[in-house]
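A.B. asks: Build me a structure from this.
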Amino acid sequence: MDDPGLRALLERLPVSWWEADEQGRVKERGGGAFADLPTAQRFLDHARQELSAQGDAPQGGHPLVQFDGRTFHVRWPQDGCRGWTRGIAMETGAQPAGGRPYAAFADFADFAPAAAFLRDRDGRYLWANHAYAHLYGTTPERVVGSRIEDLDTPSDAAQFRALDQEILRRGKPVRHHLRYHRSDGSTGQAAGHRFPVQENGRTCVAGIYVDITDHVRATSQRQEAEENLRALRDYSGLPCALLSVGGRIEQAGTAAAALSGHACPTSSAAVRTPCSPPRPTSAPCAAPGKG
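C.D. replies: Numbers count the residues shown, from 1 in each chain. Below you'll find the predicted structure:
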């Protein structure tokens with residue numbers, strides 16, 4: 001398709017055109033029906049298989065092809081071309097120009113640092129952003145068209161499918177905090193939202209998550225350090241105290257309290273340092289022969 005104006009027009013319509021080699025590998029494609037080359041290739045492979053099974057010859061008629069819950073009319077050029085090297089498929093009942101309700105979400109999240117995806121109810125990826133693909137050490141183009149089980153361990157896949165079904169059943173957004181296995185085998189944690197979206201008359205599941213593994217690890221390490229400091233303060237016998245930025249004692253162990261002249265641990269703001277000596281209770285006597 002050499003006309004740039006026609007190419008631009010078809011990008012706004014629910015159609016898919018392709019040019020392929022003799023082996024059926026798509027070399028050029030366009031139209032607004034599919035978001036990427038892998039999906040267009042899957043459609044062509046599926047259409048060839050389905051129509052071959054039906055016995056429909058590609059030279060005549062406008063046969064129907066079912067693909068990912070959508071229906072397409074398939075046409076071939078009238079210039080003597082035969083086979084599947086060139087063709088165009090038009091989705092029936094689709095709305096042109098803006099027919100994808102998730103497009104704004106996808107445009108916004110494509111390069112966001114948070115991992116985002118869109119899956120159909122069968123667990124097949126319709127879209128994923130770069131951050132999501134990075135979690136699996138791959139690219140968005142390789143994620144699209146695959147299923148949950150193609151990327152995740154069996155236990156993680158079962159968990160994610162259950163979450164998808166919960167969204168489809170409730171029809172409302174749900175916030176999740178989940179654990180998953182990274183591509184290097186380590187365990188990660190993520191927090192985010194999963195929500196239903198309408199895509200070509202189908203209810204699908206979208207999600208956007210932030211990896212909180214490092215945050216959770218840092219919080220756990222801080223809590224452990226605080227527990228160790230409390231144990232050191234309360235049971236070591238060493239004079240330990242926690243000072244504020246202004247130099248006031250916030251917490252003090254028994255030994256520190258005794259050193260500062262207090263009978264028991266204190267958080268009194270009147271003591272400036274843990275080593276302040278106790279003030280004398282009476283004035284010193286005058287020296288003999290003076291005054």
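
A.B. asks: What segments of the stretch 51-200 of the chain are helices?
C.D. replies: 103-109, 130-135, 140-143, 148-151, 154-170 (DSSP state H, counting those that start in this stretch).

A.B. asks: how about a markdown table for those helices, with mean pLDDT added?
C.D. replies: Below are the helices of the stretch 51-200 of the chain laid out as a markdown table (pLDDT from 0 to 100):
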| stretch | mean pLDDT |
| --- | --- |
| helix 103-109 | 65 |
| helix 130-135 | 89 |
| helix 140-143 | 86 |
| helix 148-151 | 92 |
| helix 154-170 | 92 |
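
A.B. asks: out of the ones you listed, nearest to residue 217?
C.D. replies: Nearest to residue 217 among those is helix 130-135; the distance by CB to CB comes to 17.0 Å. The C-beta positions use only the backbone N, C-alpha and C, and glycine is treated the same way.

A.B. asks: Grab the longest helix from the chain for me.
C.D. replies: helix 213-235 (DSSP state H).

A.B. asks: Now it: buried residues?
C.D. replies: For helix 213-235, burial by neighbour count (16 or more other CB atoms under 10 Å) applies to residue 233.

A.B. asks: ditto for stretch 155-163
C.D. replies: Buried-residue list, stretch 155-163, by 16+ other CB under 10 Å: 156, 157, 159, 160, 161, 163.

A.B. asks: residues touching residue 48, list them.
C.D. replies: By CB atoms under 8 Å, 6 or more residues apart in numbering, the contact list for residue 48 reads 24, 84.

A.B. asks: where does it land in three-state SS?
C.D. replies: Secondary structure, DSSP: H, G, I helix; E, B strand; the rest coil: residue 48 is helix.

A.B. asks: And it, how far from residue 183?
C.D. replies: As judged by CB to CB, to the nearest Å, residue 48 and residue 183 stand 33 Å apart.

A.B. asks: Show me where this protein dips below the pLDDT cut-off.
C.D. replies: The chain contains residues with pLDDT under 70 at 1-9, 12, 54-62, 77-83, 93-108, 200-201, 260-291.

A.B. asks: Now for the closest residue to residue 19 other than its chain neighbours, how many residues are close by?
C.D. replies: In space, and not counting its chain neighbours, residue 19 is closest to residue 28: 4.3 Å by CB to CB, 6 or more residues apart in numbering. Look at residue 28: counted by other CB atoms under 10 Å, it has 13 neighbours.
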